[in-house]
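> sequence first, predicted model second:
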Amino acid sequence: MIVMTDENTAKQIIEAALFAAGSAVTTETLMKMSGLGKKEVTRLAAELKKEYEERRSGIEIADLSGRFVMQIKPDYAEKVIDIAPQELTSPQLKTLSIIAYHQPITKAEIVEMRGANAYDHINELYERGFVELKPHGRTKMMTTTRMFSEYFGIGSTDSADVRNKMVEIFRSRGGQSDITRFNFQKKLAVTEMYESLMRMCGITNYKVVNPYSPSEEDLKILEDTDILVLAKGYADRLSELDPPYGGRVLEMSSTTFGDLIDDIRLVEKELGEDFTRFGKHSKKEENINDLKELLEIYRNKALMVKTKASPATEMSAKILGELGIGLSADGIVVAPDYKTTSKGKKVKQGEVVFPTHQNGSGNLIKRVCEKYDAVIGGLKEIDKEERENAKAEKENAKAERENAKAEREKAKAEKENAKKTKTKQAQPETEESK
């Protein structure tokens, strides 16, 4: 390890390392080369990034979440592409672009689009680390890798972000590209619980599947599915299937109205420009607005709740947070209707309990409404009881004060009578009294 004392020299070494690498360099590698700690390396790399921006250079330094890369700015990449070293052939790049745009996509689908030569392209791309292959029935499902994102200067490995970046790149070149001309539509499947989510998106072309305890028919559907929508926390079970599911998984939460809005946005983002092949933007926006209105209605209802609550679980906290109900460690315990979590952890017994619909079916909006009605209704009932108890205590206190006052007046009267009697006894007898 080189031990550096001159910070300026250390910055120059970081700059030289990024230039020489030709690809993203980890913070750890830069730490070893400069002899500095993580905090200092990150700061110096950020300073370099700013310096390149300020000098309006054709080169930029990009921060890729723990990795840094020196690269040509996208605006100038097309102008210098002819003199840049060609590590991939044009056919290989075309195949890679189609994988990036349509991912997750099977080998068989790529071969159908690109011909038999695509097998050689895929093997080369796999060996170079640009794509990864996962078993998917009798074929392999392909997605791009972190190396792909770093190579093309995309600051994310998310498939939707990669797809949008590829569209941006090809649009900047002008003309029509093979990347979008294929009339290829992904196959979408959902668990029964998320059928109503598809309706919210205006999507009708999907299959319903049970990936948790699948029948033979379910396994056939999964084998042919590109994108699977299911509840958050259950994706790990898919690797236990035979054959294992290798497509894209969208994990959804449906506890709150905010969750449902996020779910709709996630489906839209994942499908990208293909969304209109599946759903309707007008229907999607209409339902998002309806969800926002419902949330506002329930928040107004929650304003009537004066009692503070104590959430028994993260789900409880999420509901109380969205409703804007005050929290307190010694507040009314709000809990779901189950006694243990999926991990076997015991749940604190609730004074207010809301339903979690563990059967996994039904309309998602109705389910959220039922949760919120139970929470708000339960807390308002406790509010009412507390008000009635407070009123009763107030009346009891008033009665006690009145009784105490009557006792004091009685004691005072008795004292005065006693005084009069004593005064009368002390007077001398007169002739008349004799």
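All right, it came through fine. None of the values given here were measured: they were computed from a predicted structure.
> show me what the longest helix along the chain is packed against.
Counting by DSSP state H, the longest helix found in the chain is helix 364-426. The contact analysis (3 or more C-beta pairs under 8 Å, 6 or more residues apart in numbering; DSSP states H and E) places helix 364-426 against helix 195-200, helix 257-271, helix 281-302, helix 314-323, strand 332-336, strand 352-354. C-betas here are computed from N, CA, C, even on glycine.
> could you redo the last one with a cut-off of 6 Å?
On a contact count with 3 or more C-beta pairs under 6 Å, 6 or more residues apart in numbering; DSSP states H and E, helix 364-426 meets helix 281-302, strand 352-354.
> can you list the strands that the last one pairs with?
The one in question is strand 352-354. Sheet pairing of strand 352-354 (DSSP bridges) gives strand 332-336 (parallel).
> if we can go back for a sec, ranking the helices and strands packed on helix 364-426 by burial, who's on top?
Mean neighbour count (mean count of other C-beta atoms under 10 Å) peaks for strand 352-354 among these, with a mean of 21.
> can I get the helices and strands packed on helix 364-426 in a markdown table with distance to residue 190 and mean pLDDT?
Below are the helices and strands packed on helix 364-426 laid out as a markdown table (distance: least, C-beta to C-beta, whole Å; pLDDT from 0 to 100):
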| stretch | distance to residue 190 | mean pLDDT |
| --- | --- | --- |
| helix 281-302 | 16 | 94 |
| strand 352-354 | 24 | 93 |
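> quick one: these as CSV, columns for distance to residue 122 too.
Formatted as CSV, these follow (distance: least, C-beta to C-beta, whole Å):
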stretch, distance to residue 122
helix 281-302, 34
strand 352-354, 50
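> out of the ones you listed, which gets nearest to residue 98?
Judged by C-beta to C-beta, the one of the helices and strands packed on helix 364-426 that comes nearest to residue 98 is helix 281-302, at 25.2 Å.
> measure stretch 202-210 end to end?
22 Å (C-alpha to C-alpha, to the nearest Å).
> check stretch 131-145 too.
Taking C-alpha to C-alpha as the measure, stretch 131-145 stretches 5 Å from start to finish.
> give me the contacts around that stretch.
99-100, 103-108, 125, 129, 162, 223, 243-244, 246-247 (C-beta atoms under 6 Å, 6 or more residues apart in numbering).
> which of these are buried?
Using 16 or more other C-beta atoms under 10 Å as the burial test, the contacts of stretch 131-145 include 99, 100, 103, 104, 105, 106, 107, 125, 162, 223, 246, 247 as buried.
> the third one reaches residue 160, doesn't it?
Read it as residue 103. No - using C-beta atoms under 6 Å as the test, residue 103 is too far from residue 160 to be in contact (9.8 Å).
> for the protein, which element, helix or strand, carries the lowest mean pLDDT?
None of the helices or strands of the chain scores lower by mean pLDDT, DSSP states H and E than helix 178-181, at a mean of 52.
> most widely separated two among the contacts of stretch 131-145?
Maximum distance among the contacts of stretch 131-145 (C-beta to C-beta): 26.9 Å, for 129 and 223.
> now residue 203: phi and psi?
Residue 203 adopts backbone torsions of phi -100, psi 130, taken as degrees, to the nearest 10.
> gap between the residue nearest to it when sequence neighbours are not counted and residue 54?
Closest residue in space to residue 203, ignoring its immediate chain neighbours: residue 279 at 4.1 Å, by C-beta to C-beta, 6 or more residues apart in numbering. Counting by C-beta to C-beta, to the nearest Å, the gap from residue 279 to residue 54 is 44 Å.
> the two - which one has more neighbours?
Neighbour count, other C-beta atoms under 10 Å: between residue 279 and residue 54, residue 279 has more, with 24 against 8.
> isn't the more buried one right up against residue 204?
No - the pair residue 279 and residue 204 fails to qualify as a contact (C-beta under 6 Å) at a distance of 8.1 Å.
> separation between residue 101 and residue 95?
Counting by C-beta to C-beta, the separation of residue 101 from residue 95 is 11 Å.
> wait, I meant residue 346
As judged by C-beta to C-beta, residue 346 and residue 95 stand 53 Å apart.
> those two: which is more packed in?
Shown here are residue 346 and residue 95; by other C-beta under 10 Å, residue 95 has more neighbours (27 against 8).
> which residue is the nearest non-sequential neighbour of that one?
Spatial nearest neighbour of residue 95, chain neighbours left out: residue 121 (4.0 Å); criterion: C-beta to C-beta, 6+ apart.
> give me the number of residues near that neighbour?
Using other C-beta under 10 Å, the number of residues around residue 121 comes to 24.
> what does the helix or strand containing it contact?
Per DSSP states H and E, residue 121 falls inside helix 118-127. The contact list for helix 118-127 (C-beta under 6 Å, 6+ apart) reads 92, 95, 96, 110, 111, 131.
> if we use 8 Å, what do you get?
Contact with helix 118-127 is made by 88, 91-92, 95-96, 99, 107, 110-111, 114, 131-133, 142, as judged by C-beta atoms under 8 Å, 6 or more residues apart in numbering.
> put the buried members of those residues into a ChimeraX selection.
Of the contacts of helix 118-127, the buried ones go into a single ChimeraX selection, burial set by 16+ other C-beta under 10 Å:
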select :88,92,95,96,99,107,110,111,114,131,132,133,142
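> okay, who's weakest in the contacts of helix 118-127 by pLDDT?
Among the contacts of helix 118-127, residue 88 carries the weakest pLDDT, at 69.
> and the helices in the stretch 101-250 of the chain?
Assigned by DSSP state H, counting those that start in this stretch, the stretch 101-250 of the chain shows helices spanning 107-114, 118-127, 146-151, 159-173, 178-181, 195-200, 216-223.
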